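A.B. asks: my questions concern the predicted model and sequence given below.
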Amino acid sequence: MSVTEIQVVSFGYLHGAPPEAHLTLDLRRHFRDPHVDPALRHQTAHDLPVRRAVLATPGIRELIASAALVADSFDTGPSEAPLTIAVGCAGGRHRAATVASVLADRLGKTGTRVVLEHRDLGKPVVDRTAEGEAVAPARG
């Protein structure tokens, strides 16, 4: 076993640059954003309706399975080292956090130590203008 630890980090591109990683999954353009549903907008991956919506998105489960296979490929390498997988979406509260959590659970079943970090899950919702530009949350 050459992967000594797997770190899975979820993040939002609208909150800063992606973390340094061996593999980065960018969910922004290919997978439906629960943020567009007003009932889900202010919820997070900690909430069951968000997790259900994300995991019901066509292609998400296949992406998680494929990312796990990529992690297995790193494990066959000759050098022992940690592996970092970053999972990003726009705000880091819905898609990225859900996918990262499910991926970390799956990878943890292999016996390798897995550390899960949600970089932006607790940050405020980022809204967009009609032109698609991000609007920082009001500070009161």
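C.D. replies: Received the coordinates, thanks.

A.B. asks: how close does the residue nearest in space to the middle of the chain sit to Asp105?
C.D. replies: Central residue of the chain (CA atoms, centre = their mean): Ala96, 2.4 Å from the mean position. Separation of Ala96 from Asp105 (CB to CB, to the nearest Å) stands at 15 Å. Using the backbone N, CA and C atoms, a C-beta is placed for each residue, glycine as well.

A.B. asks: what's the answer for Leu121, then?
C.D. replies: Leu121 is 16 Å from Asp105, by CB to CB.

A.B. asks: between the two, which one's more packed in?
C.D. replies: Neighbour tally, Leu121 and Asp105, criterion other CB atoms under 10 Å: the higher count belongs to Leu121, 20 against 13.

A.B. asks: give the closest residue to that one in space, chain neighbours not counted.
C.D. replies: Once flanking residues are discounted, Leu121 sits nearest to Ala97: 4.9 Å by CB to CB, 6 or more residues apart in numbering.
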